[in-house]
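>>> based on what follows, work out the 3D shape:
(2 chains)
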Amino acid sequence: MIIITLHREHCIGCNYCMEVAPSYFDMDEEDGKSILLHSEEKSGFHSHKTHDDSAFDECNYAAESCPVDIISVREN
Amino acid sequence: MNISTVELMAPAGNFESLQAAIQNGADSVYFGVEQLNMRARASINFTIDDLEEISERCKKHHVRTYLTLNTIIYNHDLKLVKKLLDAAKGAELTAVIAMDQAVIAYAREIGMEVHISTQINITNIETVKFYAMFADTMVLSRELSLRQVKRICRQIEEEQITGPSGKLVEIEIFGHGALCMAVSGKCYLSLHAHNSSANRGACKQNCRKPYTLIDQESGFEVEVDNEYMMSPKDLCTIDFLDQVIDTGIKVLKIEGRGRAPEYVATVIKCYRKAIDACTNSSYTPEKVDQWMSELEKVYNRGFWDGYYLGRKLGEWSEGTGSQAKQKKVYIGKGIHYYSNIGIGHFKVEAFDINIGDQILVTGPTTGVQRFKLNEMMVDDIEVTTAQKGDDCTIPVDFKVRPSDKLYKLVEV
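Residues are numbered from 1 along each chain as shown, chains lettered A, B, ... in the order given. Okay, here's the model as predicted:
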C-alpha cells in the first residue's frame, strides 16, 4: 500500500503538487492551499491510502516539487 | 536643504518585532499574514486572526499599519485575497501594500487605502501617474539613484499628482536592510534551482552562497570580485540620510520581516534618532559614527549605499550570513514578575550568566529589552553567576512574562 501525507497548514499555495500529480492534488479555492484528494485528516495531517502503484512516482514527484516539504510518500 | 519629517516604517514578522518597532519609535509597521506575502516561508507568520490585535496595539501608540499582500496571485488565491482584505478593512488597518491588480482592484472596491509595492518596479513619473488612480503611496524601485528619486518627488508636486484620497502621492523608498541581485526582487533563481518561488514568498536565498564561475569551453575560472558574486551587501543610508530626506520622500522603509526582534529594535532606534536629527538640524558625523557602530552589532552582510549614490556595482558580501559584531546566546525563559518590588524571575536553561553580562529579553508583549546585569540572586542569595537549572531573580524595570526569552549578548 502507498500512503501519501500532506501537512497542509504550512502550504504556501504554489500549485506545483497539483501540476505534477493532478490525480491526487487540487487547490482549495477557499483558503488557497493544496488539498489531497480523498484523504482523511488527523491532527492536521491529511492522508490518502491507495493500492495503485502509479501513485508512488506521481506523488513522489509532487513531494520533490514542494518548496516547503509538506508532502510525504511511503510504501507500507 | 528642504528637510521635513519622514515616516519611519518598520518590519514586523511577529509580535516580538512589532512590539520592538513600537517601543523604538516607528511611525508605521508592515507585516504579512497567511501565505500571500513575500515571507511566506518564515516559520512564524501572523494569521488572519492576529489582525485585530496588531491593529489595536498599534492604534494605542498612533502607529500606522500596513498589510503586505504582494505576491503573485493565482486564481485559487482570489477568495483568500478578498477574505484578507475584508479582514484588514474590518480591523481598520491603514492600508494594503499590493502588487497584483486583483488585490489593488478589490482593495479600492471596499475603500481600503492602497500602497504600491516595490515589486511593481516604479521607475518614472508616468507610472506614478498611472498608479495614482489607485494608490496614495508608492514604493519606488530600489535600483533608482537619489537624483532620480528627487526628480520624481519634485514632479509629483509640480504636476500636482494626487491619489484617491485627493492628497499628493507620497513616495516611499527602502532605507536599510537586505538588497538582492534581482531587479525589484523579481527573481527566478530560487525557483529554477529549488522549485521554490521567491515571488510566492519562498526564496531559498541561494544567491547568498559562494560560487565559482567556470567557462566550460576553456575550462578556465572566470575572475570575479569574490565568490559571493550574487550576494550584495545590505543597504545602509544612515550616513547620507540628510540627502535621502532631501529628495522629498515621505516614507523610509526598513527591510527585515525575517530578522530578529533585536534587529528591529536597534535599526529602528538608530533611524528614529537619525531622522529626528535631520529634522532638527543636529545631524552630525559623530552621531553617524555612533549609529553605525550600533547597526554593525546586529545582523548584516556588510553595508553599502545601494544604488542611491549612482556608484558602480560590485559591493558583494564577504561571507555567508551575518557579519554582525554581536550575537545572542540563549540562556533561559521568563517565569514571573514581582511588580511591587520590580524583580523579574527567570529560569536558566542553557549557559551561565554573569554579573556584567549584556542581557537581552524578548517576548511577544515585552518586545525587546536590553540591560547590563548588575545584580542577581539565586535562592535568595546574591550571586555573581547563575548556572543551568538555577532560578534567578534580577531587578528590571519592565514586566517579565512566561513567554519571554532571556539571552546574553556576546561580542563576535
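>>> and the helix ranked longest in chain A, what's its mean pLDDT?
Longest helix in chain A, counting residues (DSSP state H): helix A:54-65. Mean per-residue pLDDT for helix A:54-65: 93.
>>> how near is residue B:36 to residue B:74?
10 Å (Cβ to Cβ, to the nearest Å). Where C-beta positions appear, they are placed from N, C-alpha and C, glycine not excepted.
>>> repeat for residue B:66
Relative to residue B:74, and taking Cβ to Cβ, residue B:66 is found at 23 Å.
>>> then residue A:39?
Distance from residue A:39 to residue B:74, counting by Cβ to Cβ: 22 Å.
>>> coming back round to it: which one of residue B:66 and residue B:74 has more residues nearby?
The residue with more neighbours, out of residue B:66 and residue B:74, is residue B:66; 23 against 17, by other Cβ atoms under 10 Å in any protein chain shown.
>>> next one: residue B:67 from residue B:92, what distance?
11 Å.
>>> with neighbour numbers in mind, choose between the two.
Neighbours per residue (other Cβ under 10 Å) separate residue B:67 from residue B:92, with residue B:67 holding more: 30 against 13.
>>> which bits of chain A sit near chain B?
Residues of chain A lying close to chain B (Cβ under 8 Å from any Cβ of the partner chain) are A:11-16, A:27-33, A:64-68.
>>> can we see that at 10 Å?
A:10-16, A:18, A:20, A:26-34, A:64-69 (Cβ under 10 Å from any Cβ of the partner chain).
>>> buried subset of those?
Buried members of these, counted by 16 or more other Cβ atoms under 10 Å in any protein chain shown: A:10-16, A:18, A:20, A:27, A:31-34, A:65-67.
>>> can you list contacts of the helix or strand harbouring residue B:56?
Using DSSP states H and E, residue B:56 maps to helix B:51-60. The contact list for helix B:51-60 (Cβ atoms under 10 Å, 6 or more residues apart in numbering or on different chains) reads B:12, B:15, B:18-19, B:21-22, B:26, B:28-29, B:31, B:33, B:46, B:63-65, B:67, B:84, B:87-94, B:364-365.
>>> the buried ones among the residues of chain A next to chain B in helices, which ones?
Counting by DSSP H, those contribute A:16, A:18, A:20, A:65 to helices.
>>> the third one - nearest residue in space that isn't next to it in sequence?
Same thing as residue A:20. Of all residues beyond its chain neighbours, the one nearest residue A:20 is residue A:61 (4.7 Å), with distances taken as Cβ to Cβ, 6 or more residues apart in numbering or on different chains.
>>> I'd say the one you found and residue A:54 touch.
No: with contacts counted by Cβ atoms under 10 Å, residue A:61 stays clear of residue A:54, the gap being 11.3 Å.
>>> more crowded one of those two?
For residue A:61 versus residue A:54, the count of surrounding residues by other Cβ under 10 Å is larger for residue A:61: 17 against 10.
>>> do you know how far that one is from residue A:8?
Counting by Cβ to Cβ, the gap from residue A:61 to residue A:8 is 18 Å.
>>> repeat for residue B:106
On the measure of Cβ to Cβ, residue B:106 and residue A:8 end up 25 Å apart.
>>> tilt between the helix or strand hosting residue A:3 and helix A:54-65?
Assigned by DSSP H and E, residue A:3 belongs to strand A:2-7. Following axes from the mean of the first three to the mean of the last three Cα atoms, to 10 degrees, one obtains 30 degrees for the angle between strand A:2-7 and helix A:54-65.
>>> for strand A:2-7, name the packing helices and strands.
Strand A:2-7 sits against strand A:34-36, strand A:45-50, helix A:54-65, strand A:71-75, with contacts defined as 3 or more Cβ pairs under 10 Å, 6 or more residues apart in numbering or on different chains; DSSP states H and E.
>>> partner strands of it and their direction?
Here strand A:2-7 is paired, per DSSP bridges, with strand A:45-50 (antiparallel), strand A:71-75 (antiparallel).
>>> hmm, back to that, need the winner for burial among the helices and strands packed on strand A:2-7.
strand A:34-36 (a mean of 23; mean count of other Cβ atoms under 10 Å in any protein chain shown).
>>> state the mean pLDDT of the helix holding residue B:56.
97.
>>> in that helix, what counts as buried?
Within helix B:51-60, judged by 16+ other Cβ under 10 Å, the buried ones are B:51, B:54, B:55, B:57, B:58.
>>> who are the contact partners of residue B:365?
By Cβ under 10 Å, 6+ apart, the neighbours of residue B:365 are B:15, B:16, B:18, B:19, B:57, B:399, B:401, B:403, B:404.
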